[in-house]
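**Student:** Next comes the sequence, and after it the predicted model I'd like to discuss.
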Amino acid sequence: MLLTLVLTFYLLLNGNNLWEGFFSLLPAPIGVPIQRSLRQNFQNYYIGQVTLASLNGTLITLAFLALKVPFGLLFGLGIAVMGIIPFAGALTVTVITILVALQNFWLGLKVLIIVLAIDQSMNNLVAPRILGELTGLSPALILISLLVGLQVAGPLGLIIAVPLASSFKFLLDELRNPSPEQEQLVESSAL
C-alpha cells in the first residue's frame, strides 16, 4: 500500500514528462497517433465506466427506496461510487446484503436478487453498447477483450483491456487509411 502511494505521488508529479519521454522515443509519424489514440481511448473508457456506475447506482438506489431498505440511499450511492473500481462493487454489494440480512433475512434476499438482476442487465446489455459508442468497438469485441485481458493480466487486464483494444483498432485503421495529418507527418519526417 505504501509503494502504491509513493508511486502515485511520483506519477502525479512527473507522469506527463514520463508520458512525453516515452513517445518521443518513437518516430513522429507513429508516436503522435499512438499517443493521441491511447489518451483518447482511456479517457472515453473511463467516462463510460463513470456513466455506467452512475446509472447502475441510480437504478439500485431507486430499487432500495422502493423496497424501503434501511439506509437505501446511502447504500445505493455507495454501490455507485464503488462500482467505478473493478471488483469493489461486488464487495460492496456483499457487505450491504449481509448488513440488511442481519436485520431482516427476507429483505436481504430481495436486495441480493434485485442488485444481481440490475447489475447483470447493466453489464450484459447496457455496458457493451455505451462502451462501444465511446470506444468504437463492437459489443462482442469489448467482451472478448475483457476476457482476454482478464486471462492475460488478471484484474489489471480488466482495467486496460478495452482502451488498449480500442487503440489497437484505431492504429490498424490509421495504417489502412492514413489521415491527411498523418500523411503530412510522414512527408515532413522523410525530409
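**Tutor:** Looks like it arrived, so ask away.
**Student:** just for this protein, where's the confidence low?
**Tutor:** Filtered on pLDDT under 70, the chain yields the residue ranges 1, 86, 179-191.
**Student:** got the residue ranges for the helices in it?
**Tutor:** Here the chain has its helices, by DSSP state H, at 2-24, 28-67, 72-82, 88-103, 105-121, 127-135, 139-153, 155-176, 180-190.
**Student:** Name the residues of the longest one that come out as buried.
**Tutor:** Along helix 28-67, these residues count as buried under the neighbour rule (16 or more other CB atoms under 10 Å): 29-31, 33-35, 37-38, 40-42, 44-45, 48-49, 52-53, 55-57, 59-61, 63-64. C-beta coordinates here come from the backbone N, C-alpha and C atoms, glycine included.
**Student:** Look up how far Gln40 lies from Gln103.
**Tutor:** The gap separating Gln103 from Gln40 is 47 Å, by CB to CB, to the nearest Å.
**Student:** Equivalent analysis for Ile113, please.
**Tutor:** 39 Å.
**Student:** Not counting its neighbours along the chain, what's nearest Ile84?
**Tutor:** Ala53 (4.7 Å; CB to CB, 6 or more residues apart in numbering).
**Student:** That neighbour contacts Val81, correct?
**Tutor:** Yes - Ala53 is within contact range of Val81, at 7.4 Å (criterion: CB atoms under 8 Å).
**Student:** For Lys110, list the residues it contacts.
**Tutor:** Leu67 (CB atoms under 8 Å, 6 or more residues apart in numbering).
**Student:** Could you count how many residues lie near Leu2?
**Tutor:** 6 (other CB atoms under 10 Å).
**Student:** How much space separates it from Phe168?
**Tutor:** Taking CB to CB, one finds Leu2 at 34 Å from Phe168.
**Student:** Cool, thanks, talk later.
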